[in-house]
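J.: could you work out the structure for the sequence below:
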Amino acid sequence: MEKLTFQSTKRLNNKVRIPLMGFGVAEIAEDLKTQVRILREAIEVGYRLFDTAQIYRSERAVGIAIKESGIPREEFFISSKIFDEQKYDRTTESFEESLRKMGIDYIDRFVLHWPLPGHYIQSWKELEKIHRSGRARCISVSNFEIWHMRNLLPNCEIIPATNQIEFNPTYMANEQREFCENWGVAMEAYTPIGRYGRFADNEILNRVGERHGKSVYQVLLRWDIQHNVIPVPRSANQKHMAQNADIFDFELTSEDMAEIDSMNIDDRRNANPYNQL
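T.: The predicted structure is shown next:
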């Protein structure tokens, strides 16, 4: 088995390569100056996949931080998302707005943030045109359940490259992941380490961490990687950023994985698109 590192990538269904771990840019800071500082620190640690969105109000900071870093643009994987109904109705214009804010002429991935009823199929067709133009290296979805995918797939010419969903030990979305994997859609996890430290005192995770000399959060992120899921943690603390990245010098055993998997209780903590078709 190839030894993985923080610089390792995986190939998506259109042969574009994506880093194994990303950096989430939601709610990292309210003001632009602080956002840029945090992102520069993440770049110094070695993060190259940055996951922003129009609704996060951080696209401008991503563009500035990358430009100030002096690192060639092509070494980064920049991802953003389109969200609300009004913007879905003007997908191409909204996409161009994101490019302007980031000061770039192409994006590595553009994503439908939410399966808005009555909008996402037409919006996807617009994304296909953008992809064919070469301005988006891949196009993807987020928060799409199985039924959204079943509704989208017969109506699309380009299969989504990724689907970003809530994923952690208490919400593993097993059927959803299996469905996407069967279609070659890579899975990506938001809130992979939970919010507000809710896993910090978990007995199972602490026990596994002690076996490997790792923190609960490092165990969680390594667990993602070994489930073939791309984690996108976020942190405003450079020390924590570095700790999150330090997960490639150990491997969870099959017993460790099974023990953590046993925590699954289908406990969704984020917004539920269940009834949205």
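J.: for the rest of this, base every contact and every neighbour count on C-alpha atoms.
T.: Fine.
J.: show me how far the helix or strand hosting Ser79 is from its chain's centre.
T.: Using DSSP states H and E, Ser79 sits within strand 77-82. Distance of strand 77-82 from its chain centroid, counting by Cα atoms, centre = their mean, to the nearest Å, is 9 Å.
J.: give me the mean pLDDT for that strand.
T.: On average, the pLDDT along strand 77-82 is 97.
J.: name the element Cys138 belongs to?
T.: Cys138 belongs to strand 136-142 when assigned by DSSP H and E.
J.: who does that strand pair up with?
T.: Applying DSSP bridges to the sheet, strand 136-142 is found paired with strand 107-112 (parallel), strand 162-166 (parallel).
J.: on the three-state scheme, Glu255 is what?
T.: Classification of Glu255 by DSSP: H, G, I helix; E, B strand; the rest coil places it in helix.
J.: neighbours of it, how many?
T.: Neighbourhood size, Glu255 [other Cα atoms under 10 Å]: 10.
J.: now Gly197
T.: If you count neighbours by other Cα under 10 Å, Gly197 ends up with 11.
J.: which residue is the nearest non-sequential neighbour of Ser69?
T.: Arg40 (6.8 Å; Cα to Cα, 6 or more residues apart in numbering).
J.: circling back to that earlier point, what mean pLDDT does the strand holding Cys138 get?
T.: pLDDT averaged over strand 136-142 gives 98.
J.: centre of the chain to it, how far?
T.: Mean-position distance between strand 136-142 and its chain equals 11 Å (Cα atoms, centre = their mean).
J.: buried residues of the helix or strand just after that strand, list them for me.
T.: Sequence order places helix 146-152 as the next helix or strand after strand 136-142, per DSSP H and E. Within helix 146-152, the residues scored as buried using 16 or more other Cα atoms under 10 Å are 146, 148-149, 152.
J.: ok, stretch 190-210 next?
T.: Quick answer for stretch 190-210 (16+ other Cα under 10 Å): 190-194, 199, 204-206, 208-209.
J.: how about JSON lines for the residues you listed, with distance to Ser58 added?
T.: Listed next are the buried residues of stretch 190-210 as JSON lines, based on distance: Cα to Cα, whole Å:
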{"residue": "Tyr190", "distance to Ser58": "17"}
{"residue": "Thr191", "distance to Ser58": "18"}
{"residue": "Pro192", "distance to Ser58": "20"}
{"residue": "Ile193", "distance to Ser58": "21"}
{"residue": "Gly194", "distance to Ser58": "21"}
{"residue": "Phe199", "distance to Ser58": "27"}
{"residue": "Ile204", "distance to Ser58": "35"}
{"residue": "Leu205", "distance to Ser58": "32"}
{"residue": "Asn206", "distance to Ser58": "34"}
{"residue": "Val208", "distance to Ser58": "35"}
{"residue": "Gly209", "distance to Ser58": "33"}
